[in-house]
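J.: All I have is the shape, not the residue letters:
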């Protein structure tokens, strides 16, 4: 195997230091990946729980919607649906999760008086409206959790790619170079030892 750098003691020290740095970087990336995976698993559990609550709330909301529609009729429901009870504002900000930039959502509602202007008002309409209102913050929370999960998983993939690059290319390359330089220097030392010994023997013979 050929060597592309001068086999000197200075280069040996330099490559050993770089190799030690790469191995430390590898260990830190492995630690980072493990922590990210723990965070991913934790947030999967949280997202699953919130999504389950959202599905249950939406199921109840649609059941109430069906019941209200039967009670007052489709046209009356359309008329009621055309008058929003609340106006919502959604604010989006950025935050760091394990060093990963994620989006944070905050929803707020502004209440307003409602007059349905329908001929057959029903308490079911109010209950339906309230149930869908309960579902909206859950929807926003699920969106926040799942978008954060996507970013965390992407970071895990990037981290694994860096680990692979270190394991498959950089660390083996520097380790091989260190080994080659060490072998060349050791061979030079042996040759020098033999040369010095020969010279010493020659001088001893001449001195007799």
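T.: Received, thanks. Model, not experiment: these values are computed from the prediction.
J.: Spell out the residue ranges of the helices in the chain.
T.: 9-72, 74-81, 123-165, 171-207 (DSSP state H).
J.: Output the lowest mean pLDDT helix or strand found in the chain.
T.: helix 74-81 (a mean of 75; mean pLDDT, DSSP states H and E).
J.: what packs against it?
T.: Where contact means 3 or more CB pairs under 8 Å, 6 or more residues apart in numbering; DSSP states H and E, helix 74-81 is packed against helix 9-72. Any C-beta I mention is one placed from the backbone N, CA and C, and that applies to glycine too.
J.: let's see it at 7 Å
T.: Under the contact definition 3 or more CB pairs under 7 Å, 6 or more residues apart in numbering; DSSP states H and E, helix 74-81 sits against no other helix or strand.
J.: picking up where we left off before, could the helices of the chain be laid out in a markdown table, adding mean neighbour count and distance to residue 87?
T.: A markdown table is the format used below for those (neighbours: other CB atoms under 10 Å; distance: least, CB to CB, whole Å):
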| stretch | mean neighbour count | distance to residue 87 |
| --- | --- | --- |
| helix 9-72 | 15 | 19 |
| helix 74-81 | 15 | 15 |
| helix 123-165 | 17 | 12 |
| helix 171-207 | 12 | 58 |
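J.: Using JSON lines, please lay out the ones you listed together with distance to residue 94.
T.: Listed next are these as JSON lines, based on distance: least, CB to CB, whole Å:
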{"stretch": "helix 9-72", "distance to residue 94": "17"}
{"stretch": "helix 74-81", "distance to residue 94": "35"}
{"stretch": "helix 123-165", "distance to residue 94": "11"}
{"stretch": "helix 171-207", "distance to residue 94": "35"}
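J.: Of all those helices, which one is nearest residue 109?
T.: Residue 109 lies closest, by CB to CB, to one member of the helices of the chain: helix 123-165, at 7.5 Å.
J.: rewinding a little: between the least confident helix or strand of the chain and helix 123-165, how many degrees?
T.: Interaxial angle, helix 74-81 versus helix 123-165 (axes from the mean of the first three to the mean of the last three CA atoms, to 10 degrees): 70 degrees.
J.: all numbers from here: first residue = 22
T.: Happy to do that; since the first residue is 22 now, the last one works out to helix 95-102.
J.: list the contacts for the spatially most central residue of the chain?
T.: By CA atoms, centre = their mean, the chain has its centre lying nearest to residue 173, at 1.9 Å. If you count contacts by CB atoms under 7 Å, 6 or more residues apart in numbering, residue 173 has them with 57, 60, 61, 64, 118, 119, 121.
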